[in-house]
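1. Let me see the structure of the following:
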Amino acid sequence: MKLNLNKIKYPLLIIFFVTIIFIVTVPTIAHKVILYAYVEEEKVIVEGGFGDGSAAKNAEVKVYNSQNELLNQGITNNSGLYEFEIPAKTDLKIVLNAGMGHQAEYTINKDKLPDINIKNSKENKDTTVTVFNEDKLRAIISQEIDKKITPVNRKLLRIENNKGPGITEILGGIGYILGIMGFALYFTKGRNK
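-> From the prediction side, this is the model:
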């Protein structure tokens, strides 16, 4: 039985090009969502982005308390930022949904939140005289340090999440190459007979 190579070439070329397109597009589809949040005065700033450094634009943000009750929700801006006033002195679980299954969570411990009277904080801001005890002073210093190291944390988070291909991706790529070679050898073996 003789193989007609012209009939085999076209399906083999189609398989080859589909495989190449799949290999090239998978990394762009499967990029990781990065979420970082920090406290700045009486607000929480949420930053959402992807592993490639692009911002998570128009992504849905939901904020839950420790009992999983919804406290706040909104949408990130074009820079991937969303900010909200602290709704309560509780652990805040922040969930960012960037669509198509891209989701990330971040929790801010209630110890990181400032001691403020949430309901009357704006009204009393100008008329209240604050007395600082040692714990309050430590909390203020901690918040200021957090503000200063936020850019460093952001860069470290991006570096940590942008490690490149892991062992699974490398072995998968080798498997694709061996599979393509197997197809090519199978069809060329018939030609040599």
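2. What helix or strand is Ala104 located in?
-> Following DSSP states H and E, one finds Ala104 within strand 103-108.
3. what mean pLDDT does that strand have?
-> Mean per-residue pLDDT for strand 103-108: 88.
4. got it, and stretch 58-65?
-> Average pLDDT, stretch 58-65: 93.
5. rewinding a little: what packs against the strand holding Ala104?
-> strand 33-40, strand 43-50, strand 92-97 (3 or more Cβ pairs under 8 Å, 6 or more residues apart in numbering; DSSP states H and E). Any C-beta I mention is one placed from the backbone N, CA and C, and that applies to glycine too.
6. quick one, helices of the protein?
-> For the chain, the helices defined by DSSP state H occupy 5-29, 121-124, 134-161, 167-192.
7. what's the least confident stretch among the ones you listed?
-> When I compare those, helix 121-124 is least confident, with a mean of 46.
8. quick one: contacts for the nearest residue to Glu47 once chain neighbours are set aside?
-> If the residues on either side of it in the chain are set aside, Glu47 comes closest to Tyr36, at 4.8 Å by Cβ to Cβ, 6 or more residues apart in numbering. Residues near Tyr36 by Cβ atoms under 8 Å, 6 or more residues apart in numbering: Val46, Glu47, Tyr106, Asn153, Arg154, Leu157.
9. Do you know the pLDDT at the first one?
-> Predicted confidence (pLDDT) at Val46: the value is 90.
10. shouldn't it be in contact with Ser79?
-> No. If you go by Cβ atoms under 8 Å, Val46 and Ser79 don't touch, sitting 11.2 Å apart.
11. who has more neighbours, those two?
-> Of the pair Val46 and Ser79, Val46 is the one with more neighbours under other Cβ atoms under 10 Å, namely 26 against 12.
12. contacting residues around that one?
-> Leu35, Tyr36, Ala37, Val61, Thr76, Leu81, Tyr82, Glu83, Phe84, Ile94, Leu96, Tyr106.
13. Pull up the gap between it and Ile15, please.
-> Note on Val46: its distance to Ile15, by Cβ to Cβ, to the nearest Å, is 45 Å.
14. Tell me the bridge partners for Asn97.
-> For Asn97, the beta-bridge partners are Glu60, Gln103 (DSSP bridges).
15. Tell me which residues touch it, please.
-> By Cβ under 8 Å, 6+ apart, the contact set of Asn97 is Ala59, Glu60, Val61, Lys62, Gln103.
16. can you count the residues close to the first one?
-> Which is Ala59. Neighbours of Ala59 (other Cβ under 10 Å): 24.
17. Same question for the third one.
-> Around Val61 sit 23 other residues, with neighbours defined as other Cβ under 10 Å.
18. That one contacts Gln73, doesn't it?
-> Yes. The pair Val61 and Gln73 qualifies as a contact (Cβ under 8 Å) at a distance of 6.4 Å.
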